[in-house]
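Chemist: I would like to see how this sequence folds:
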Amino acid sequence: QVQLVESGGGSVQAGGSLRLSCVASGSTYSISCMGWFRQAPGKEREGVAFIYTDGGSPYYADSVKGRFTISQDNAKTTKYLQMNSLEPEDTAMYYCAASTRVQCRDAKYWGQGTQVTVSS
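Modeler: Residues are numbered from 1 along each chain as shown. Below you'll find the predicted structure:
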């Protein structure tokens, strides 16, 4: 089992920045990929950014490319999502997720979620 604990999030004005963190514990050796999904009220869940534990090019949704950056610590158990130039459209609940498969979107473990609110 893997536990994911998120932190960060909050409320900012458009153009501002926030950083989300996600710490994985437990059977972290089983994790192949981690990242974030987000879901706004009335909208489908969207994969925002993913990074493989072993490195490689991160994935970013088109809507956040150039503004968001995903990274990990040397132990590869903590992931960060740096969000710059935030827009009201980025307002959503953000969920950290971990996959044990090749497909990052095939998440098996989920964090508790953290709210990001961007005001215009």
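Chemist: right, and residue 18 touches residue 7 too?
Modeler: No. Residue 18 is not in contact with residue 7 according to C-beta atoms under 8 Å; the separation is 10.9 Å. C-beta here means a position set from N, CA and C on the backbone, and glycine is covered the same way.
Chemist: Same drill for those two, tell me which one is more crowded.
Modeler: Between residue 18 and residue 7, counted using other C-beta atoms under 10 Å, the more crowded position is residue 18 (20 against 13).
Chemist: how close does the more buried one get to residue 94?
Modeler: 9 Å (C-beta to C-beta, to the nearest Å).
Chemist: do the same with residue 62
Modeler: From residue 62 to residue 94 the distance is 17 Å (C-beta to C-beta).
Chemist: and if you look at residue 116?
Modeler: 5 Å.
Chemist: coming back round to it: of residue 62 and residue 94, which one has the most company?
Modeler: Shown here are residue 62 and residue 94; by other C-beta under 10 Å, residue 94 has more neighbours (23 against 6).
Chemist: Okay, and the residue nearest the centre of the chain sits in which element?
Modeler: Closest to where the C-alpha atoms of the chain average out (C-alpha atoms, centre = their mean) is residue 36, at 2.4 Å. Per DSSP states H and E, residue 36 falls inside strand 33-39.
Chemist: List the buried residues of that strand.
Modeler: Of all the residues in strand 33-39, those buried under the rule 16 or more other C-beta atoms under 10 Å are 33-38.
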